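Trainee: A predicted structure for the sequence below; I have some questions about it.
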Amino acid sequence: MRTFNSKEEKIAATLKDIALSLDISISTVSRALKGHHRISLATQQKVKQKAKQIGYRSLDMLDSQKQKNSNLIGVIIPKISYHLYAMAISGIESIAEAHGMHIIVCQSNESYEREKSLVQELINVGVNGIIASLASETKKFGHFTELKKLGIPLVFFNRDCDDIVTNKVTIDNKRAAYEAVSHLISIGCKRIAYIGGPEILQINADRAEGYKNALVENGLHAYEEDIVYSNFDKESILSAARKLLYSPEHPDGILTFSDQIAISVMLAAKERGISIPEKLSIIGFNNEPVGELLEPSLTSIDQPGFRMGEEAAKLLLKQLNNQEEPYEKKILKSFLVVRNSTNKNKII
């Protein structure tokens with residue numbers, strides 16, 4: 001399994017940093033951290049609190065980290081109820097088991113604070129590496145930077161960010177959105193909207209860009225009011241859908257960030273009395289199994305969740321075996337699954 005080399009044994013903060021912040025000597029800090037009997041309990045506690053606050057990790061702590069649970073991989077996902085992540089977990093597990101390793105799966109529930117806490121807990125448990133998909137609230141990445149300082153391999157999948165240089169596995173979100181909008185144009189849609197997830201998500205911006213490119217290249221106007229964003233709760237999504245569908249000139253085609261959002265748009269269209277697909281065609285993302293059961297069935301962009309998990313696990317294992325390997329970004333193929341929500345020839 002992996003070993004730490006001199007490059008990896010980096011300490012987030014030094015003894016000197018702690019000493020300066022508390023106005024005491026470095027030797028006092030060192031003794032306090034080791035629980036020396038000549039240092040008062042009050043000073044020991046104060047030093048340890050400061051060490052934790054500024055992210056100090058001694059080489060002893062790093063040695064402990066590398067010795068503990070060397071067969072564990074931490075996996076952090078937004079929600080296990082999302083089909084994509086359930087499939088990705090299976091893919092990660094298949095590769096991990098084949099190499100004698102086990103996974104610990106954690107849900108951030110789309111919360112930045114929880115995601116941050118989970119990273120720390122996995123560090124404390126002593127995982128050998130972490131595979132993560134960002135929470136929708138995350139716009140600061142210091143907790144992931146901490147992993148790099150400790151020499152703990154990190155792989156992002158599906159949702160990633162440019163701020164952290166590491167291994168990544170995604171689809172080409174711009175291309176997927178471009179192809180979806182091109183399909184809507186091919187069936188005669190003239191005014192096409194995009195309902196995204198939380199605006200801070202990088203893949204959300206990529207999909208919005210692909211959406212705009214398809215419109216412009218096909219001679220259609222990209223109206224700013226036709227691009228709306230929502231959180232992942234039902235009320236937020238319905239509010240975004242109603243904003244579009246209750247406008248004087250509602251769109252006749254909508255690309256949505258996910259199938260969950262697409263389903264809420266279908267509900268809002270029914271509420272408004274807009275028939276699908278005759279008056280409104282809808283496309284989702286993720287190709288959730290429920291899409292086939294809807295009436296009309298939902299056209300959606302299929303993402304290779306299982307393979308995404310496999311590739312993420314392979315990249316992590318590769319990094320564990322050779323820390324000098326350059327980072328990779330694997331971009332997997334997605335494809336459009338056409339169903340009745342974009343079939344205008346279908347009589348409902």
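Mentor: Ah, there it is.
Trainee: can I assume Ile39 is in contact with Ala32?
Mentor: Yes: if you go by CB atoms under 8 Å, Ile39 and Ala32 touch, sitting 4.7 Å apart. In this view, the C-beta of every residue, glycine as well, is placed from N, C-alpha and C.
Trainee: intersection of neighbour lists for the two?
Mentor: Counting by CB atoms under 8 Å, 6 or more residues apart in numbering, the common neighbours of Ile39 and Ala32 are Val47.
Trainee: between those two, who's got more neighbours?
Mentor: Ala32 (25 against 19; other CB atoms under 10 Å).
Trainee: Let me see the ranges of the helices in the stretch 201-348 of the chain.
Mentor: Under the criterion DSSP state H, counting those that start in this stretch, helices of the stretch 201-348 of the chain are mapped to 202-217, 234-245, 259-272, 305-321.
Trainee: To Leu332, which of these lies closest?
Mentor: helix 305-321 (6.1 Å; CB to CB).
Trainee: Who are the packing partners of the closest one?
Mentor: Secondary-structure packing of helix 305-321 (3 or more CB pairs under 8 Å, 6 or more residues apart in numbering; DSSP states H and E): helix 83-98, strand 129-132, strand 154-157, strand 167-171, strand 329-332.
Trainee: Tell me which helix or strand the closest residue to Leu244 other than its chain neighbours sits in.
Mentor: Nearest non-adjacent residue to Leu244, counting by CB to CB, 6 or more residues apart in numbering: Ala193, 5.2 Å away. In this structure, Ala193 sits in strand 192-196 according to DSSP states H and E.
Trainee: And for Leu118?
Mentor: Going by DSSP H and E, Leu118 is in helix 112-125.
Trainee: Poorly predicted segments of the stretch 201-348 of the chain, please.
Mentor: 323, 345-348 (pLDDT under 70).
Trainee: follow-up on the earlier one: and the residue nearest to Leu244, what pLDDT?
Mentor: pLDDT, Ala193: 98.
Trainee: Counting neighbours, what do you get for it?
Mentor: Ala193: 28 neighbours (other CB under 10 Å).
Trainee: mind checking how far it is from Tyr211?
Mentor: Separation of Ala193 from Tyr211 (CB to CB, to the nearest Å) stands at 9 Å.
Trainee: Give the residues shared as contacts by those two.
Mentor: 227, 255.
Trainee: Can you tell me how far Phe157 is from Leu245?
Mentor: For Phe157, the distance to Leu245 - CB to CB - is 33 Å.
Trainee: What backbone torsions are found at Lys48?
Mentor: phi -70, psi -40 (degrees, to the nearest 10).
Trainee: repeat for Lys34
Mentor: According to degrees, to the nearest 10, Lys34 has phi -90, psi 0.
Trainee: Is there a neighbour count for it? I'd like the number.
Mentor: 11.
Trainee: per-residue pLDDT, it?
Mentor: In this prediction, Lys34 has a pLDDT value of 76.
Trainee: I'd like to know how far it sits from Glu110.
Mentor: 41 Å.
Trainee: Quick check: closest non-adjacent residue to the spatially most distant residue from the centre of the chain.
Mentor: No residue in the chain sits farther from the centre than Arg38, which is 48.1 Å out by CA atoms, centre = their mean. What sits nearest to Arg38 in space, not counting adjacent residues and going by CB to CB, 6+ apart, is Arg31, at 6.6 Å.
Trainee: do Leu84 as well
Mentor: Gly305 is the one closest to Leu84 (CB to CB, 6+ apart), at 4.3 Å.
Trainee: Quick check: the gap between the one you found and Ile92.
Mentor: In terms of CB to CB, Gly305 sits 10 Å off from Ile92.
Trainee: One more: Glu271?
Mentor: Distance from Glu271 to Ile92, by CB to CB: 40 Å.
Trainee: Please give me every residue in contact with Tyr203.
Mentor: If you look again at residue 203, you'll see it is Ile, not Tyr. 158-160, 170, 173 are the contacts of Ile203 under CB under 8 Å, 6+ apart.
Trainee: repeat that for 7 Å
Mentor: 159, 173 (CB atoms under 7 Å, 6 or more residues apart in numbering).
Trainee: now do the one 5 residues further on
Mentor: Applying CB under 7 Å, 6+ apart, we find Ala208 in contact with 194, 196, 227.
Trainee: Looking at those residues, which one is closest to Ile54?
Mentor: Gly196 (37.2 Å).
Trainee: Number of residues surrounding Glu224?
Mentor: The burial count for Glu224: 6, using other CB under 10 Å.
Trainee: Could you do the one 10 residues further on as well?
Mentor: Burial of Lys234, expressed as a neighbour count using other CB under 10 Å, amounts to 14.
Trainee: Repeat that for Gly219.
Mentor: There are 7 residues near Gly219, going by other CB under 10 Å.
Trainee: quick check: angle from the strand holding Ala193 to helix 202-217?
Mentor: Strand 192-196 runs at 170 degrees relative to helix 202-217, counting by axes from the mean of the first three to the mean of the last three CA atoms, to 10 degrees.
Trainee: Paired strands for strand 192-196, with orientation please.
Mentor: strand 227-229 (parallel), strand 253-256 (parallel) (DSSP bridges).
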